[in-house]
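Q: need coordinates for the below:
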Amino acid sequence: MSKPTPVTRRRFLQTTGTATAAVAWTAKSYARIAGANERIRIGFIGAGGMATAHMRTIKALKDQDNVEAVVVCDCWETRARQGAKVCDAPQVVTDYRRVLDDPSIHYVTIATPEHQHAHMTIDALDAGKAVYCEKPMTHTIEEAQAVVKKQRQTGLPLQIGVQSMSDDSYISAAKAIKQGVIGQVVQAQIEYVRRYGKQGPWRRPDLDEKMPKPNDLDWQAWLGPAPKIDWNPHHYFEWRNYAAYSGGIATDLFIHRITRIIRACGLSYPRRAVGMGGIWQWPDGRDLPDNFEMICEYPQGMTVYVLGTMSNRVGIDHLIRGYRGTLYFTSDGWVAKDKDGKVLAQHKKTGGERIDLHHTNLHNHLRNGEPLNCPPEIGLAGVVAVCMANESWRSSRMMGWDSKNEKMVPADTLDLPHTPAETPIGLASS
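A: This is a model prediction of the structure:
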């Protein structure tokens, strides 16, 4: 095969659908290329609740970011048409591959149930498209590894939809921790708590369980790689309650929280992880816990605790504990204090957990090489943590990370030391 012809940014924006452009296109080249004012054209894959929020966002950013919605895809045509009205997209399709066939589209936003994320993202990268993929990046660890491999092969931008990464508090905290402001880090805690009504997490009390499948909904396409079953409105509308499509509390909620700690502490994969909880309150046919918590131990010598009750909304402080002090995340940034309450450092945040900022970051990345706020490597680290916790809950075993073979295994099958396997966080300057 001949060597791919290098492409300019203008040519990329004109011929995005080619695999050659995907291979030749690298983030480093963005800042050197003219034509940064060209309109960015976007395709939407998925038109449900979260996807609609993305469509409204892009419509609002149309003039500010010089972007436009081109096509909306959903395997339920009625939903696709509703979505197209939301974002003024001129085209509607029901097969996501038709979105990828359009050479005028520069990036796709994937907001589907998580069991569809991996193959859609890989197909989009293969088609030469940049991608914004909702969290979690994938349903499984193996899928996440495959996505990262594909992204590295193509060099195409991939933004993972953990919108809190567009809050600069976590990058700022990482710098302070690395400089030793709070000393050697030993522990972090964070939560995602809610209190649901009698229907329980992610149930729709008005759902008719005898609802027939809509005539214009392709049920087999919705199932995708999941086990084939007959039409079930509970699975379609309440998919976050079923392991075939979701990781529940861990992958839908904890991914937002653990990613913050991963960024702030410069973490990769847990050395060990445990997940605890159960279907304590709503035994209604769900096969994922309605209350959950997890602990991850990292090789640098720290643990991260995440609380996730869905029955009580009283939370806990979001903080990182070090030998010299504690870093507290607040509504407007963070403050680090020593054991006597003396302020060691503080930060007033810019940005926040906002979809518009996260998309704008991707737009700026495409135009001038601005670093992505949530690149795929961070997406992978988050998937590994929450999937290890979920597997611990399912198997009733502590899970460990086999770094040699890059996979999770029962922790008791590994010879893991009880001392840090890597340089402790924040130790160098403490």
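Q: are we agreed that Ala51 is in a helix?
A: Yes. Under DSSP: H, G, I helix; E, B strand; the rest coil, Ala51 sits within a helix.
Q: what's the neighbour count on the nearest residue to it once chain neighbours are set aside?
A: Nearest non-adjacent residue to Ala51, counting by CB to CB, 6 or more residues apart in numbering: Ala111, 3.7 Å away. (C-beta placed from N, C-alpha, C; glycine too.) Using other CB atoms under 10 Å, the number of residues around Ala111 comes to 26.
Q: the one 4 residues further on too?
A: By other CB under 10 Å, 23 other residues sit near His115.
Q: is it true that it touches Gly247?
A: No. With contact defined as CB atoms under 8 Å, His115 and Gly247 do not form a contacting pair (9.7 Å).
Q: who touches both of those two?
A: His139 (CB atoms under 8 Å, 6 or more residues apart in numbering).
Q: what about the residue nearest in space to the middle of the chain, distance to Gln151?
A: Closest to where the C-alpha atoms of the chain average out (CA atoms, centre = their mean) is Lys135, at 2.6 Å. According to CB to CB, to the nearest Å, Lys135 and Gln151 sit 16 Å apart.
Q: likewise for Lys129?
A: Applying CB to CB to Lys129 and Gln151 gives a distance of 12 Å.
Q: between those two, who's got more neighbours?
A: Set side by side, Lys129 and Gln151 show more neighbours around Lys129, with 26 against 22, by other CB under 10 Å.
Q: isn't that one up against Asp102?
A: No. Using CB under 8 Å, Lys129 is not in contact with Asp102; the gap is 9.2 Å.
Q: does the residue of the chain positioned farthest from its centre count as helix, strand or coil?
A: Of all residues in the chain, Asp340 has its C-alpha farthest from the mean position, at 37.2 Å, by CA atoms, centre = their mean. With three-state DSSP as the basis, Asp340 sits in coil.
Q: what does Ala273 give?
A: Ala273 is classified as strand under three-state DSSP.
Q: how about it, what does it touch?
A: 294-297, 385, 388-389, 392, 398-400.
Q: what's the helix or strand hosting Ala80 in contact with?
A: Assigning secondary structure by DSSP states H and E places Ala80 in helix 77-87. Contacts of helix 77-87 with the rest of the structure, by CB under 8 Å, 6+ apart, involve 44, 47-48, 51-52, 55-56, 58-59, 69, 71-74, 89-94, 214, 216-217.
Q: one step back: list the contacts for the residue nearest to the centre of the chain?
A: Lys135 touches 160-162, 251-252, 255-256, 259, 379, 382, counting by CB under 8 Å, 6+ apart.
Q: out of the residues you listed, list just those in helices.
A: Taking DSSP state H, the ones among those that sit in helices are 255-256, 259, 379, 382.
Q: tell me the two of those residues that are most distant?
A: His256 and Gly379 (12.1 Å; CB to CB).
Q: overlap in contacts, these two.
A: 135, 162.
Q: mind checking which of these two has more residues around it?
A: Neighbour totals were compared for His256 and Gly379, and Gly379 leads with 30 against 19 (other CB under 10 Å).
Q: and Ile229, how many residues sit next to it?
A: 10.
Q: on the three-state scheme, it is what?
A: Secondary structure for Ile229, judged by three-state DSSP, is coil.
Q: that one and His235 touch, don't they?
A: Yes. With contact defined as CB under 8 Å, Ile229 counts as touching His235 (7.1 Å).
Q: tell me where the stretch 251-400 of the chain is predicted with low confidence.
A: Applying pLDDT under 70 to the stretch 251-400 of the chain picks out no residues at all.
Q: what about stretch 213-230, how long is it end to end?
A: 10 Å (CA to CA, to the nearest Å).
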